[in-house]
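*Asks:* structure for this input, please:
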Amino acid sequence: MVWGERLARLPATFTTGEALRVGLHPRDLYRLRDEAVLAELSRGVFRKVDEPAPRYPDLLAVAYRVPRAVVCLVSALAVHDLTDQVPQAVQIAVPRTSRPPRIDYPPTEVSRFGVDTFELGVELIEAAPGEAIRVYSAPRSVVDVFRLRGRVGESTALIALRRYIAGRDSRVGELIEIAHALDVARPLRAAIDVLTAS
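*Replies:* The predicted structure is shown next:
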């Protein structure tokens with residue numbers, strides 16, 4: 001089949017634009033989806049069903065929709081095992097100067113972070129074999145939920161901070177550095193003092 005050869009030239013996860021470049025029309029993609037050859041992760045984002053299942057399919061889908069975005073807040077805490085909450089939506093950050101994307105599926109919440117600190121603490125994690133996405137590091141995520149605790153909840157922020165401090169890989173110095181950069185060092189230090197004193 002012609003589409004089989006063309007499909008073989010695509011990676012495990014791909015966009016409609018990438019499919020068009022190898023000669024697959026959107027109607028072919030939807031037919032292959034209906035025949036269970038492809039899974040549609042989000043509008044215009046497809047994955048071959050014979051590939052290994054992604055660890056974070058929703059995060060992978062959103063990363064393909066908004067490549068510059070960074071997984072943040074409770075979604076990032078979940079990746080770093082710093083919360084027991086299951087986020088109701090994929091939480092991503094984009095630079096404050098960017099227009100927030102509109103994504104219906106998977107449900108997505110967009111935060112706009114300052115341009116000067118946007119890349120601070122960004123790391124890559126594997127969402128599927130060989131496919132990395134941008135996520136804020138554990139210390140950056142803790143600082144973010146702490147500074148936005150009015151939105152995500154005080155208890156969420158304190159639990160994340162407690163788990164991070166108790167972890168084997170905790171780097172409290174880095175946590176404080178990031179807190180300084182994001183203007184939340186004083187309240188974060190006070191919370192650390194309370195948590196470590198008890």
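
*Asks:* okay, now the unreliable bits of this structure?
*Replies:* For the chain, the stretches flagged by pLDDT under 70 are 1-2, 198.

*Asks:* and the helices in it?
*Replies:* Chain-ordered helices for the chain, with DSSP state H as the definition, fall at 2-8, 16-21, 26-34, 57-65, 73-79, 138-147, 149-152, 154-166, 172-181, 185-197.

*Asks:* which non-adjacent residue is nearest the residue most central in space within the chain?
*Replies:* The residue lying closest to the centre of the chain (CA atoms, centre = their mean) is Val71, at 2.6 Å. In space, and not counting its chain neighbours, Val71 is closest to Val135: 4.2 Å by CB to CB, 6 or more residues apart in numbering. (Each C-beta comes from the backbone N, C-alpha and C, glycine too.)

*Asks:* out of the helices of the chain, which gets nearest to Glu123?
*Replies:* Each of the helices of the chain was scored for nearness to Glu123 using CB to CB, and the closest is helix 138-147 (8.6 Å).

*Asks:* re earlier: give the contact list for the residue nearest to Val71.
*Replies:* For Val135, the contacting residues are 59, 70-72, 76, 79, 122-125, 141, by CB atoms under 8 Å, 6 or more residues apart in numbering.

*Asks:* domain ranges for this structure?
*Replies:* For the chain, automatic domain parsing gives the domain ranges 2-48, 57-197.

*Asks:* tell me which of those sits most buried.
*Replies:* Each of the domains of the chain was scored by mean neighbour count; the highest is domain 57-197, a mean of 18, by mean count of other CB atoms under 10 Å.

*Asks:* quick one: end-to-end length of that one, please.
*Replies:* 40 Å (CA to CA, to the nearest Å).

*Asks:* what's the offset of it from the middle of its chain?
*Replies:* Centroid separation between domain 57-197 and its chain, computed with CA atoms, centre = their mean, to the nearest Å, is 9 Å.

*Asks:* wait, Ala63 sits on Glu126?
*Replies:* No: Ala63 lies out of contact with Glu126 (CB atoms under 8 Å); the separation is 11.5 Å.
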